[in-house]
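[1] give me a model of this one.
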Amino acid sequence: MGFQVCTGAMMQCSFGVAPSALAVLPTNCVLTGTPAATIMDHQPIVNVPPFGMCNSLANPTVAAATAAALGVLTPMPCVPMTVSPWIVGAPTVLVGNMPALNDSSKLMCNWGGVIQLTMAGQFTVQVP
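    Here you go, the predicted structure:
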């Protein structure tokens, strides 16, 4: 069982060069201190900001820059292309009638990258 993901969770793309923070809009009215995420929080730029530079040749801008550099891989700015929801989520925990997003979920980018969560955005605090 993983941790519930919320706004501020850190993500990393397998083709990106920098981590990014998940942004969740407060439309579900469920808070864990900050808005709780669902598998539908996958919109590029709105929920999933860029990961710095992209190294995937499936990305048309990277492919064009690499071709212009005579085949030398040339990273270009990342613009995530995430059109499908996060997989798998937590099917037994619903947030606004959608499965909750947990820290073991993955998101596929159309440019071939796999986006995974590295930090859920919440921490367990023990009171002495």
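[2] show me where this structure has strands.
    Assigned by DSSP state E, the strands in the chain fall at 10-13, 20-21, 53-54, 76-77, 90-95, 98-100, 106-108, 114-119.
[3] got those as CSV, with distance to A37, mean pLDDT and mean neighbour count columns?
    (Each C-beta comes from the backbone N, C-alpha and C, glycine too.) Output for these, formatted as CSV (distance: least, Cβ to Cβ, whole Å; pLDDT from 0 to 100; neighbours: other Cβ atoms under 10 Å):
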stretch, distance to A37, mean pLDDT, mean neighbour count
strand 10-13, 11, 96, 20
strand 20-21, 12, 96, 16
strand 53-54, 23, 96, 20
strand 76-77, 25, 96, 14
strand 90-95, 8, 88, 15
strand 98-100, 7, 91, 20
strand 106-108, 11, 96, 18
strand 114-119, 9, 95, 17
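[4] among those strands, which comes closest to M40?
    Nearest of the strands of the chain to M40, taken as Cβ to Cβ: strand 98-100 at 5.2 Å.
[5] and the closest one, what does it pack onto?
    Packing partners of strand 98-100 (3 or more Cβ pairs under 8 Å, 6 or more residues apart in numbering; DSSP states H and E): strand 90-95.
[6] please save the CA atoms from the strand it packs on in PDB.
    Written as PDB, here are the backbone C-alpha positions of strand 90-95 (Å, rounded to 0.1, in the frame of the first residue of the first chain):
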ATOM      1  CA  ALA A  90      -5.700   3.000  -5.700                       C
ATOM      2  CA  PRO A  91      -9.000   1.500  -7.100                       C
ATOM      3  CA  THR A  92     -10.500   1.000  -3.600                       C
ATOM      4  CA  VAL A  93      -9.900   4.600  -2.500                       C
ATOM      5  CA  LEU A  94     -12.000   7.200  -4.400                       C
ATOM      6  CA  VAL A  95     -11.400  11.000  -4.400                       C
END
